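Asker: Provided below for reference: sequence and predicted model.
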Amino acid sequence: MNEIARVGDDVISAEEFIQRIVEREKIYMDADQRSAGAALDSLLAERLLLLESERIGARPNRLELTAEFERMQTDWEKNFQELNKQIVKAQRESGLEEKPYSREEFLKLKYDMTPLEFENHQKGVARELLTRRMVINYWRFSTDSAEAEGIKMRSLADIRKVRERLMKGESFSLLARQFSEDMHTRQNGGLLGTAYRKDGTFDFDGTQDTTAEDAFWALKEGDTSEPIKVGDFYWLLRKVKFYPANEAEFFHQRDACIKGADPSDTMVKKWRYATAAGGLYTYERRMPGWDCKAGDK
């Protein structure tokens with residue numbers, strides 16, 4: 001079938017998928033960003049962002065788009081000039097003729113684009129970045145969040161002993177480094193990072209079991225949970241700091257969302273997970289050989 005993914009009733013075709021791979025191969029040097037999985041994830045996020053931007057009224061206006069495009073152009077020009085300085089310096093030190101790149105040469109060599117093609121690409125990126133900041137920052141601001149810590153152990157008896165030591169005032173970080181059987185929390189002193197409701201932080205076994213999620217959000221700030229059974233392991237969770245949601249509508253938070261930080265790929269994944277968990281939109285990947293077998297309906 002010519003269907004690689006679906007967002008609601010909207011189909012992402014194989015042709016769109018291949019085109020996105022080609023586009024990303026021109027722009028990104030990082031192998032992870034040039035992968036088929038990253039290309040498909042970008043298409044899914046793009047479709048979901050457009051749906052949510054329409055729902056909440058997060059549409060970039062002309063002035064915002066112009067300002068974002070000019071900011072990007074300024075950053076690009078600065079990097080281009082710095083690159084040419086390094087090239088000229090290397091040529092001078094090697095006794096070669098000093099010959100910096102022209103913009104046309106550089107765009108052709110690096111991106112296989114003409115200046116007009118690159119300008120149009122950058123304008124599209126500017127729109128996507130603005131939409132991403134508005135939608136995902138609004139979700140961040142309007143969703144309960146908390147700093148979370150965790151310790152994972154296989155033995156119920158042993159994790160109870162660790163909890164007793166925590167209740168006596170021992171350091172969560174030190175005990176996590178010593179006893180946690182989860183590599184991430186062991187290396188990071190129990191740190192799970194900032195969790196948002198239904199963002200997948202507590203989907204430890206990939207089954208979307210909400211046991212740990214529900215237990216964490218029931219905690220008061222500063223409290224540590226009883227042992228929580230997840231699969232074959234037990235978790236202790238601590239709610240370090242709680243940040244209540246800003247319940248104002250998007251219109252009243254628009255400026256703060258635009259001025260906020262560009263959401264990382266990790267934050268986009270958290271938002272996608274929360275979107276699916278909340279049932280507002282549905283999406284499905286159907287990449288043959290990855291998400292399903294070739295020919296599967």
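Answerer: Good, I have the coordinates. Numbering: from 1, shown residues only.
Asker: Start from the N-terminal end of the stretch 51-200 of the chain and give the helices.
Answerer: 62-93, 103-111, 115-141, 156-167, 172-179, 183-187 (DSSP state H, counting those that start in this stretch).
Asker: Please name whichever of these is nearest to residue 5.
Answerer: For those, the distance to residue 5 is smallest for helix 115-141, at 17.7 Å, taking C-beta to C-beta. Where C-beta positions appear, they are placed from N, C-alpha and C, glycine not excepted.
Asker: Which positions in that closest one come out as buried?
Answerer: For helix 115-141, the neighbour count (16 or more other C-beta atoms under 10 Å) marks 118, 121, 123, 126-141 as buried.
Asker: contacting residues around the helix or strand harbouring residue 37?
Answerer: Assigned by DSSP states H and E, residue 37 belongs to helix 36-56. Contact with helix 36-56 is made by 4-5, 7-8, 10, 12, 16-17, 20-21, 24, 32, 58-59, 128, 131-132, 134-136, 138, 249-250, 268-269, 272, 275, 280-281, 283, 285, 287, 290, as judged by C-beta atoms under 8 Å, 6 or more residues apart in numbering.
Asker: Pull out the CA atoms of that helix and give them to me as PDB.
Answerer: Extracted in PDB, the C-alpha atoms of helix 36-56 (Å, rounded to 0.1, in the frame of the first residue of the first chain):
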ATOM      1  CA  ALA A  36      14.000   7.400   7.700                       C
ATOM      2  CA  GLY A  37      12.600   7.300  11.200                       C
ATOM      3  CA  ALA A  38      13.400  11.000  11.800                       C
ATOM      4  CA  ALA A  39      11.900  11.900   8.500                       C
ATOM      5  CA  LEU A  40       8.700  10.100   9.300                       C
ATOM      6  CA  ASP A  41       8.500  11.500  12.800                       C
ATOM      7  CA  SER A  42       8.900  15.000  11.300                       C
ATOM      8  CA  LEU A  43       5.900  14.400   9.000                       C
ATOM      9  CA  LEU A  44       3.800  13.100  11.900                       C
ATOM     10  CA  ALA A  45       4.700  16.000  14.100                       C
ATOM     11  CA  GLU A  46       4.000  18.500  11.300                       C
ATOM     12  CA  ARG A  47       0.500  17.100  10.700                       C
ATOM     13  CA  LEU A  48      -0.300  17.100  14.400                       C
ATOM     14  CA  LEU A  49       1.000  20.600  14.900                       C
ATOM     15  CA  LEU A  50      -1.200  21.900  12.100                       C
ATOM     16  CA  LEU A  51      -4.300  20.300  13.600                       C
ATOM     17  CA  GLU A  52      -3.600  21.700  17.000                       C
ATOM     18  CA  SER A  53      -2.600  25.100  15.700                       C
ATOM     19  CA  GLU A  54      -6.000  25.300  14.000                       C
ATOM     20  CA  ARG A  55      -7.800  24.100  17.100                       C
ATOM     21  CA  ILE A  56      -6.300  26.700  19.500                       C
END
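Asker: tilt between that helix and helix 115-141?
Answerer: Here the directions of helix 36-56 and helix 115-141 differ by 70 degrees (axes from the mean of the first three to the mean of the last three C-alpha atoms, to 10 degrees).
Asker: Contact partners for residue 92?
Answerer: residue 98 are the contacts of residue 92 under C-beta under 8 Å, 6+ apart.
Asker: How much space separates it from residue 82?
Answerer: As for residue 92, its distance to residue 82 is 16 Å (criterion: C-beta to C-beta, to the nearest Å).
Asker: Mind giving me the packing neighbours of the lowest-mean-pLDDT helix or strand in the chain?
Answerer: Least confident helix or strand, the chain: strand 283-285 with a mean of 86, by mean pLDDT, DSSP states H and E. Contact here means 3 or more C-beta pairs under 8 Å, 6 or more residues apart in numbering; DSSP states H and E; on that basis strand 283-285 packs against strand 3-7, helix 36-56.
Asker: May I see the buried residues of it?
Answerer: If you call a residue buried by 16+ other C-beta under 10 Å, then strand 283-285 has these buried ones: 283, 285.
Asker: quick one: residue 237 and residue 223 touch, right?
Answerer: No: between residue 237 and residue 223 no contact is recorded; they are 9.2 Å apart, counting by C-beta atoms under 8 Å.
Asker: Neighbour count for the two, which is higher?
Answerer: residue 237 (26 against 12; other C-beta atoms under 10 Å).
Asker: Confirm that one sits in a strand?
Answerer: Yes: judged by DSSP: H, G, I helix; E, B strand; the rest coil, residue 237 forms part of a strand.
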